[in-house]
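Chemist: Next one to model:
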Amino acid sequence: MPAKGIMKDVAGASVVPVARQLALASATVEVLDAMARAGIRTVMLKGAAIATRLYDDPSERPAGDVDLLVEPNNSEPAARVLEELGFHDSLRGARADERPAHSATFRRSGSLPAEVDLHVALYFCSRDPHGLWSEFSRATTFIDIDNRPVEVLADSAQALVIAAHALQHPSHPKPREDLARALSRYDRETWADAGAMARRLEADGVLAASLKMSDTGARLASELLPGADSDCVEIRLHLAGAPTMSLGVMRLVQTRSIRERLRLVLRELFPSPPFMRELYPFAARGRKALAIAYVCRPLRMARRLPPAVRAWRRARAA
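Modeler: As a prediction, this is how the structure comes out:
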């Protein structure tokens, strides 16, 4: 390829991420303004909330989506606001057990494409969303985005989110870098407050396990969370980067009723059409494509089951 063509490709590759970030920033302000007009309080969980406080140059931490927390009672009104702005829930119509209990993902294409994760909780506290909102809504501060004040988590709550995110994705570099920076910048008092909050939310094991991923964090965990149960099977699976299906194997084993086990297996083999279209994008092309996806589903699960079982057995035996 001629040098001129190469330079053109390089320039184009560098422009695309910048354009995406600008579109996401614009969409973020648009969403926050719409939520404010509807009287819905929103708290930004990650993204710019982390980049502007832990990175000298926020552009070093580009965001792929917008994570917003709302009060559980406002989840439906907030979803309607997003739909009015052209976003759509990719799992609308899916069964309740196929949707994350703590969040819903809304996507919008077009001139201002964006993705919004609307949270009523976080994965480690999905059973008590009201308890999480009670804690987090009292631990907030503000940052500026495009000269607009945006409510974000205060340092102690942000530290807990960063740590939990690193445990959820231990093999991803961005969450681990966020945690390393948080450990270097937040003082001991901030982590002590995060530990107290985690205990109130019964998430001290999650925080302790995440901190133990580094030597600096391990010392903090031993001082601040000495009695935390950070060695359960589920946490071991997260730390090992085990296949997602390993958690399904764990749930299947923990289910005592044979009828419930059979129901769980059938639901995994034959999910709802919205879930299949999300998992297999080609299934959205029509009925034939959806039928092919249903044929592929058991084959895919059969291929992934052995490593998932092995990972679960290792975690249980550890």
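Chemist: Can you classify Asp33 as helix, strand or coil?
Modeler: Three-state call for Asp33 (DSSP: H, G, I helix; E, B strand; the rest coil): helix.
Chemist: repeat for Val81
Modeler: What three-state DSSP gives for Val81 is helix.
Chemist: can you pull the contacts of it?
Modeler: With contacts taken as C-beta atoms under 8 Å, 6 or more residues apart in numbering, Val81 has the following neighbours: Val31, Ala34, Met35, Ala38, Ile40. (Glycine included, C-beta is placed from N, CA and C.)
Chemist: mind running it again at 10 Å?
Modeler: Neighbour list for Val81: 31, 34-38, 40, 42, 70, 74, 87, 106, 118 [criterion: C-beta atoms under 10 Å, 6 or more residues apart in numbering].
Chemist: Just these: which are in helices?
Modeler: Among the contacts of Val81, DSSP state H puts Val31, Ala34, Met35, Ala36, Arg37 in helices.
Chemist: Only the buried subset of the contacts of Val81, as a PyMOL command please.
Modeler: In PyMOL syntax, the buried subset of the contacts of Val81 is picked out as below (16 or more other C-beta atoms under 10 Å):
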select buried, resi 31+34+35+40+42+70+74+87+106+118
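Chemist: May I see the contacts of Val81 arranged in a markdown table, with distance to Ala289 and pLDDT as well?
Modeler: A markdown table is the format used below for the contacts of Val81 (distance: C-beta to C-beta, whole Å; pLDDT from 0 to 100):
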| residue | distance to Ala289 | pLDDT |
| --- | --- | --- |
| Val31 | 32 | 95 |
| Ala34 | 35 | 97 |
| Met35 | 36 | 98 |
| Ala36 | 41 | 97 |
| Arg37 | 40 | 97 |
| Ala38 | 37 | 98 |
| Ile40 | 37 | 98 |
| Thr42 | 37 | 97 |
| Val70 | 35 | 98 |
| Asn74 | 37 | 97 |
| Phe87 | 24 | 96 |
| Phe106 | 24 | 96 |
| Leu118 | 28 | 97 |
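Chemist: ok, so of the contacts of Val81, who is nearest Ile143?
Modeler: Distance to Ile143 across the contacts of Val81 (C-beta to C-beta) is lowest for Thr42, with 13.4 Å.
Chemist: Wait, that closest one touches Met35, no?
Modeler: Yes: at 4.8 Å, Thr42 counts as touching Met35 under the criterion of C-beta atoms under 10 Å.
Chemist: any shared contact partners between these two?
Modeler: Leu68, Val70, Asn74, Ala78, Val81, Leu118.
Chemist: What count of nearby residues applies to Asp215?
Modeler: Asp215 has 8 neighbouring residues, counting by other C-beta atoms under 10 Å.
Chemist: ok, back up a step: now the contacts of Val81 as a markdown table including distance to Ile292?
Modeler: Formatted as a markdown table, the contacts of Val81 follow (distance: C-beta to C-beta, whole Å):
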| residue | distance to Ile292 |
| --- | --- |
| Val31 | 36 |
| Ala34 | 39 |
| Met35 | 40 |
| Ala36 | 45 |
| Arg37 | 44 |
| Ala38 | 41 |
| Ile40 | 41 |
| Thr42 | 40 |
| Val70 | 38 |
| Asn74 | 40 |
| Phe87 | 29 |
| Phe106 | 27 |
| Leu118 | 31 |
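Chemist: quick one, what contacts Met35?
Modeler: Arg41, Thr42, Leu68, Val70, Asn74, Pro77, Ala78, Val81, Leu82, Leu85, Leu118.
Chemist: Bridged to the last one, which residues?
Modeler: This means Leu118. Beta-bridge pairing for Leu118 (DSSP bridges): Leu68, Ala104.
Chemist: Let me know the pLDDT of Ala3.
Modeler: Confidence at Ala3, expressed as pLDDT, is 41.
Chemist: shaky segments in this protein?
Modeler: Within the chain, the segments meeting pLDDT under 70 span 1-17.
Chemist: Domain parsing of it, as residue ranges.
Modeler: Domain segmentation of the chain under automatic domain parsing yields 15-153, 155-230, 245-317.
Chemist: returning to what we had before: closest one of the ones in helices among the contacts of Val81 to Pro281?
Modeler: Closest to Pro281 out of the ones in helices among the contacts of Val81 is Val31 (24.5 Å), distances taken as C-beta to C-beta.
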